[in-house]
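Show me how the following folds:
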Amino acid sequence: MDFLNIPSKFCEDLAQKIIGEKCTVMNCTLEPLGDFKCGFMGEHSILKISIKESDQVLRFFLKSEPRVAMMREFADATRLFFKEHSFYHKIIPEFKKCNIQEMEDVVPTSYKYEKPNILFLEDLSLKNYTIFDSRQSLVSGFVNSALSTFAKFHASSLIYEEIRSKAIGKQYRLIDDYKNELKESFYGHTIYNVRSVDSTTKGIITQIDLFPEIEIENRDEFKSFVVNIWKNVNEFAKPSLKYRNVICQADPWITNLMFKSGDEIKSKLIDYQMIRYAPPAQDVISFLYLCTTREFRKTHLKSSLEYYYAELKKILEKYEIDENIVSETDFWDSVKYYEPFGMVQNLNHSHMTKLSPSAVKKLFENPFALQKFIFEDKSESLVKLCDENVRYKEKQKECILDFLDNYN
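Below is the predicted model of the structure:
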């Protein structure tokens with residue numbers, strides 16, 4: 001654990017908090033999570049604390065800054081760890097004071113540590129929660145579970161704002177107290193954001209040309225159509241002036257959800273580095289594009305959205321809150337507005353998230369290739385990756401076809 005400089009006193013206090021009484025820590029070890037220990041924006045490990053009195057070994061999920069220098073610089077510039085630490089230890093405690101159970105149902109427990117660039121979380125695998133391979137797609141039961149989780153997550157913001165508004169006798173919004181915490185990170189205006197958008201812009205043009213078999217009446221015009229949506233992502237990411245905003249998870253791809261199977265499939269959201277203040281439809285439509293197949297969406301997109309809204313409405317009714325704070329008309333209007341954002345999120349994310357584990361490992365082990373892919377021009381890599389992996393290429397084609405449906 002030396003590289004993180006975690007004090008033994010913290011491990012002792014953490015162990016005592018879990019056990020509920022004074023105990024002696026025999027040993028603390030930190031083990032990489034899986035063969036490839038780096039997340040895209042963090043390093044993931046398991047902390048094990050051995051207890052003398054009971055021979056018990058406590059386990060915690062630990063998230064720390066990326067060791068890869070350029071990713072660490074990106075995380076620092078966009079304040080990803082500040083946002084996540086603030087979510088767990090500033091925002092969540094306020095929700096708890098208002099007895100909003102729904103938020104606690106879907107968010108892991110976090111144990112406060114003095115350094116915001118290291119997070120200690122409960123190890124959900126001990127409760128039989130598992131994570132999908134990033135290249136997989138969800139089917140109906142898991143989709144509905146995730147949509148219920150998003151409904152609880154989003155409803156919690158609405159409930160909290162209504163409770164606070166009533167208490168102070170005037171309109172209250174979360175952005176009033178948490179402007180810095182909810183400031184856009186991934187689609188902001190740092191040099192890293194700008195360079196990343198430029199790299200993907202070049203990649204989009206190359207990606208469309210990878211599929212000459214797709215019939216497009218005016219290919220150059222279609223490229224401009226897709227690129228213009230992509231270049232407008234920072235506008236989509238802003239708080240809406242038209243629709244009611246909530247705290248959005250903002251990065252709802254498949255490995256940011258964990259599922260527990262059984263008579264009822266349960267799920268939790270596990271990453272809050274990119275939280276933003278935006279309408280709930282933004283999260284939901286992005287999730288459906290990022291985590292399901294094109295064929296699933298053709299059949300189930302509308303019914304999935306209906307299911308989500310019904311779940312949201314049910315929770316608001318439980319707290320005796322007028323469902324019209326997110327009216328059905330506003331919800332469907334906002335879905336229509338944010339669907340291009342969901343598609344372009346899917347396109348951008350799929351360049352990285354649909355890579356095989358070996359391809360990700362290879363990319364992160366080569367700083368020059370990684371920098372070129374993320375911050376310069378991913379075109380060359382996209383061509384090579386599609387040549388090497390049919391499954392990867394098919395996913396990239398799906399993304400183009402989604403746009404073509406909305407272009408024609």
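
Tell me which residues of stretch 154-171 come out buried.
His154, Ala155, Ser156, Ser157, Leu158, Ile159, Tyr160, Glu161, Glu162, Ile163, Arg164 (16 or more other C-beta atoms under 10 Å). The C-beta positions use only the backbone N, C-alpha and C, and glycine is treated the same way.

The residues you listed into CSV, with extra columns for pLDDT?
As requested, these are exported to CSV (pLDDT from 0 to 100):
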residue, pLDDT
His154, 98
Ala155, 98
Ser156, 98
Ser157, 98
Leu158, 98
Ile159, 98
Tyr160, 98
Glu161, 98
Glu162, 97
Ile163, 97
Arg164, 97
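
Which one of those residues is nearest to Asn218?
His154 (39.0 Å; C-beta to C-beta).

Name all residues that make contact with the closest one.
Val246, Ile247, Cys248, Pro280, Asp283, Leu312 (C-beta atoms under 8 Å, 6 or more residues apart in numbering).

mind checking the SS state of Glu43?
Under the three-state scheme (DSSP: H, G, I helix; E, B strand; the rest coil), Glu43 adopts strand.

If we ignore the residues flanking it in sequence, what's nearest it?
Nearest residue to Glu43 in three dimensions, chain neighbours excluded: Ser64, at 4.9 Å (C-beta to C-beta, 6 or more residues apart in numbering).

Contact partners for the one you found?
Leu4, Gly42, Glu43, Ser45, Asn117, Ile118, Leu119.

how about a cut-off of 10 Å?
Ser64 makes contact with 3-4, 6, 30, 39, 42-45, 72, 81, 115, 117-120, according to C-beta atoms under 10 Å, 6 or more residues apart in numbering.

for it, phi and psi?
phi -130, psi 170 (degrees, to the nearest 10).

next one: the one 4 residues further on
The phi and psi values for Val68, taken as degrees, to the nearest 10, are phi -70, psi 120.

Now for it, how many residues are close by?
Number of residues near Val68 (other C-beta atoms under 10 Å) recorded here: 19.

and if you look at Asp220?
Asp220, neighbours per other C-beta under 10 Å, totals 10.

and Lys361, how far is that from Tyr392?
With distances taken as C-beta to C-beta, to the nearest Å, Lys361 is found 15 Å from Tyr392.

related to what we said a few turns ago, can I get the buried residues of stretch 154-171 in a markdown table with distance to Asn256 and secondary structure?
Output for the buried residues of stretch 154-171, formatted as a markdown table (distance: C-beta to C-beta, whole Å; DSSP: H, G, I helix; E, B strand; the rest coil):
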| residue | distance to Asn256 | secondary structure |
| --- | --- | --- |
| His154 | 15 | helix |
| Ala155 | 19 | helix |
| Ser156 | 17 | helix |
| Ser157 | 18 | helix |
| Leu158 | 22 | helix |
| Ile159 | 23 | helix |
| Tyr160 | 22 | helix |
| Glu161 | 24 | helix |
| Glu162 | 27 | helix |
| Ile163 | 28 | helix |
| Arg164 | 28 | helix |
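
Looking at Lys361 and Tyr392, which one has more neighbours?
Counted by other C-beta under 10 Å, Lys361 and Tyr392 do not tie: Tyr392 has more neighbours, with 20 against 14.

give me the element the more buried one is part of.
Element membership for Tyr392 (DSSP states H and E) is helix 390-407.

Return the set of buried residues in that helix.
Tyr392, Lys393, Lys395, Gln396, Lys397, Glu398, Cys399, Ile400, Asp402, Phe403, Leu404.

and the closest residue in space to the third one that isn't next to it in sequence, how many neighbours does it have?
If I follow you right, that is Lys395. The shortest distance from Lys395 to any non-neighbouring residue, by C-beta to C-beta, 6+ apart, is to Lys354 (4.6 Å). Neighbour count for Lys354, taken as other C-beta under 10 Å: 23.

Can you give me the pLDDT of Lys354?
Lys354 carries a pLDDT value of 92.

center of this protein, which residue is that?
Computing the C-alpha centroid of the chain and ranking residues by C-alpha atoms, centre = their mean puts Asp251 first, at 2.6 Å.

Need the three-state assignment for the nearest residue to that one once chain neighbours are set aside.
In space, and not counting its chain neighbours, Asp251 is closest to Met274: 4.5 Å by C-beta to C-beta, 6+ apart. Under three-state DSSP, Met274 falls in the coil class.

next one: Leu47
Assignment for Leu47 (three-state DSSP): strand.

likewise Glu114?
coil.

mind listing what Phe74 touches?
Phe74 neighbours (C-beta under 10 Å, 6+ apart): 40-41, 66, 68, 80, 185-186, 190-193, 195-196, 374-375.

Looking at these, which gets the smallest pLDDT?
Confidence-wise, Phe40 trails the rest of the contacts of Phe74, at 74.

Verify the stated contact: that residue with Ile374.
Yes. At 9.4 Å, Phe40 counts as touching Ile374 under the criterion of C-beta atoms under 10 Å.

Please identify every residue contacting each of the two.
By C-beta under 10 Å, 6+ apart, the residues touching both Phe40 and Ile374 are Met71, Phe74, Met352.

can you list these in TSV and add secondary structure and distance to Trp230?
Shown next, in TSV, are the shared contacts of Phe40 and Ile374 (DSSP: H, G, I helix; E, B strand; the rest coil; distance: C-beta to C-beta, whole Å):
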residue	secondary structure	distance to Trp230
Met71	helix	21
Phe74	helix	19
Met352	helix	15
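
will you turn those into TSV that also has distance to Asp263?
Below are those laid out as TSV (distance: C-beta to C-beta, whole Å):
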residue	distance to Asp263
Met71	40
Phe74	42
Met352	35
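
Could you single out the nearest of these to Glu21?
Met71 (40.6 Å).

What's the local residue count around that closest one?
Around Met71 there are 24 residues (other C-beta under 10 Å).

on that earlier part again, bridged to the residue nearest to Glu43, which residues?
For Ser64, the beta-bridge partners under DSSP bridges are Glu43, Ile118.
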